[in-house]
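1. Everything below, folded, please.
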Amino acid sequence: MSVVKSTLTLPPAERADYWHELVSGTFIPLDVRLDEPVPSAGTITSRWLGPLQISEVEAGPQTVARSARRITEGGEEYLTVTLQRRGSARLTQGDRQAIVVPGSFTCSDAGRPYLREQPDTFRFTAFRVPKASLGVSDRDLRAATGTLFNGVSGTSGLVAEFLGRLSEQAAGFDPHTAHRLALSTFDLLAVLVRERSGRLDPQAPEHSRGMLTRVQEYILLHLDDPALCPERIAAAHHMSVRYLHKLFHAGGTTVGRWVLRERLERCRRELARPARSVSTVAAVARRWGFVSPSHFSRAFRAAYGMTPREWQAASRVHPAGAPGHGGAGQACA
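-> Okay, the predicted model is just below:
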């Protein structure tokens with residue numbers, strides 16, 4: 001369901017204060033200044049895919065600031081990914097400044113001050129992302145914030161296309177699909193952040209890194225399919241199985257281990273949800289592509305040091321705490 005909030009019905013003299021409330025209430029505490037003598041009407045349309053909030057914003061020229069004082073009011077746990085649709089913008093965070101044009105996007109960290117200037121009438125899509133869901137370090141995150149992602153080629157082009165389509169179709173997904181797509185979004189953004197920080201193989205050609213991201217996106221969207229295997233993945237991308245394995249080898253893993261790790265991670269997250277909203281262990285395993293309960297249990301124990309039921313019980317007692325994970329095993333086994 002979409003939630004639409006607008007200043008369209010208000011007299012121009014009353015729009016500034018109400019718009020400030022709308023912006024801060026939708027995203028995080030912010031300072032907002034409307035930069036035109038007679039404020040234009042503004043509209044924010046928001047919808048949710050599980051933990052991911054997607055908001056379409058249309059308004060007139062304005063400046064938005066996240067000051068140290070606003071940070072103390074909350075919201076520092078979020079990252080905002082802003083895909084520009086119309087108009088230009090300038091984002092300043094730390095010692096970096098990005099000039100934004102339609103089709104490009106930026107990341108801003110709500111845990112540090114930033115300034116976003118919109119000198120023209122604009123439209124953008126903002127994705128409010130819990131930083132903890134990305135699994136990246138603060139160092140990596142700093143390398144990605146306040147910089148421009150061109151949205152045309154390479155990994156950023158693939159991510160921009162994915163985000164654009166996701167926002168356009170978000171209202172039509174059922175809750176389960178929406179939640180899975182949110183997790184896929186977080187994974188793609190994590191790949192992008194690591195690439196910008198130099199954590200992905202710097203020796204690999206740009207087209208190879210972009211192809212790897214595209215393949216990973218495909219895998220994440222088909223994790224629930226028990227028949228997912230290297231042969232099928234390679235065929236879907238018109239490449240040889242040998243080249244597919246080469247792409248993953250450059251990242252220090254194998255196709256099977258990467259698929260298994262991602263499936264286990266989604267099972268782990270789902271089993272950690274509140275008791276009233278969690279299916280049985282067997283149902284969760286089937287939902288994420290595991291055919292054999294015994295294989296799932298062995299793989300889960302190898303990755304997390306406990307059985308799925310032990311994890312589920314521990315999560316209910318201590319929601320925040322359990323061991324980290326590693327990865328082992330093969331897909332399509």
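
2. roughly how far out does the host helix or strand of Ala303 sit from the chain middle?
-> If you go by DSSP states H and E, Ala303 is part of helix 293-304. The chain centre lies 27 Å from the centre of helix 293-304; the measure is Cα atoms, centre = their mean, to the nearest Å.

3. go on, stretch 299-313?
-> 26 Å.

4. Can you give me the end-to-end span of it?
-> Counting by Cα to Cα, to the nearest Å, you get 18 Å between the two ends of stretch 299-313.

5. Could you list the buried residues of that stretch?
-> 299-300, 303-304, 308, 311-312 (16 or more other Cβ atoms under 10 Å). C-beta coordinates here come from the backbone N, C-alpha and C atoms, glycine included.

6. picking that back up, I'd like the average pLDDT over the next helix or strand after the helix holding Ala303.
-> Once helix 293-304 ends, the next helix or strand along the chain (criterion: DSSP H and E) is helix 308-317. On average, the pLDDT along helix 308-317 is 85.

7. which other helices and strands contact helix 308-317?
-> If contacts are counted by 3 or more Cβ pairs under 8 Å, 6 or more residues apart in numbering; DSSP states H and E, helix 308-317 sits against helix 255-271, helix 281-287, helix 293-304.

8. With mean pLDDT and distance to Leu189 as new columns, can those helices be given to me in a markdown table?
-> Output for these, formatted as a markdown table (pLDDT from 0 to 100; distance: least, Cβ to Cβ, whole Å):
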| stretch | mean pLDDT | distance to Leu189 |
| --- | --- | --- |
| helix 255-271 | 92 | 15 |
| helix 281-287 | 92 | 23 |
| helix 293-304 | 94 | 23 |
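
9. and His222, what is it in contact with?
-> Under the criterion of Cβ atoms under 8 Å, 6 or more residues apart in numbering, the neighbours of His222 are Leu228.

10. List phi and psi for it.
-> Backbone torsions for His222, taken as degrees, to the nearest 10, come to phi -130, psi 20.

11. Next, work out how far apart it and Trp288 are.
-> 11 Å (Cβ to Cβ, to the nearest Å).

12. Equivalent analysis for Arg69, please.
-> Taking Cβ to Cβ, one finds Arg69 at 43 Å from Trp288.

13. cool, and Gln93?
-> Distance from Gln93 to Trp288, by Cβ to Cβ: 36 Å.

14. pLDDT at Gln53, what is it?
-> pLDDT recorded at Gln53 is 97.

15. My understanding was that it contacts Phe127; is that so?
-> Yes: in this structure, Gln53 is within contact of Phe127 by Cβ atoms under 8 Å, at 7.2 Å.

16. The two: who's more crowded?
-> Phe127 (23 against 19; other Cβ atoms under 10 Å).

17. related to what we said a few turns ago, pick the most deeply packed of the helices and strands packed on helix 308-317.
-> Comparing these by mean neighbour count (mean count of other Cβ atoms under 10 Å), helix 255-271 ranks first with a mean of 21.

18. Could you export that one as PDB, CA atoms only?
-> Provided in PDB are the C-alpha atoms of helix 255-271 (Å, rounded to 0.1, in the frame of the first residue of the first chain):
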ATOM      1  CA  VAL A 255      29.300 -20.400  -7.400                       C
ATOM      2  CA  GLY A 256      28.100 -23.200  -5.100                       C
ATOM      3  CA  ARG A 257      29.500 -21.700  -2.000                       C
ATOM      4  CA  TRP A 258      28.100 -18.200  -2.800                       C
ATOM      5  CA  VAL A 259      24.600 -19.700  -3.500                       C
ATOM      6  CA  LEU A 260      24.700 -21.700  -0.300                       C
ATOM      7  CA  ARG A 261      25.900 -18.800   1.800                       C
ATOM      8  CA  GLU A 262      23.100 -16.500   0.500                       C
ATOM      9  CA  ARG A 263      20.500 -19.200   1.100                       C
ATOM     10  CA  LEU A 264      21.700 -19.900   4.600                       C
ATOM     11  CA  GLU A 265      21.800 -16.100   5.400                       C
ATOM     12  CA  ARG A 266      18.100 -15.700   4.400                       C
ATOM     13  CA  CYS A 267      17.100 -18.800   6.400                       C
ATOM     14  CA  ARG A 268      19.100 -17.400   9.400                       C
ATOM     15  CA  ARG A 269      17.300 -14.000   9.100                       C
ATOM     16  CA  GLU A 270      13.900 -15.600   8.800                       C
ATOM     17  CA  LEU A 271      14.400 -18.000  11.700                       C
END
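
19. quick one, that helix and helix 308-317 angle?
-> 40 degrees (axes from the mean of the first three to the mean of the last three Cα atoms, to 10 degrees).
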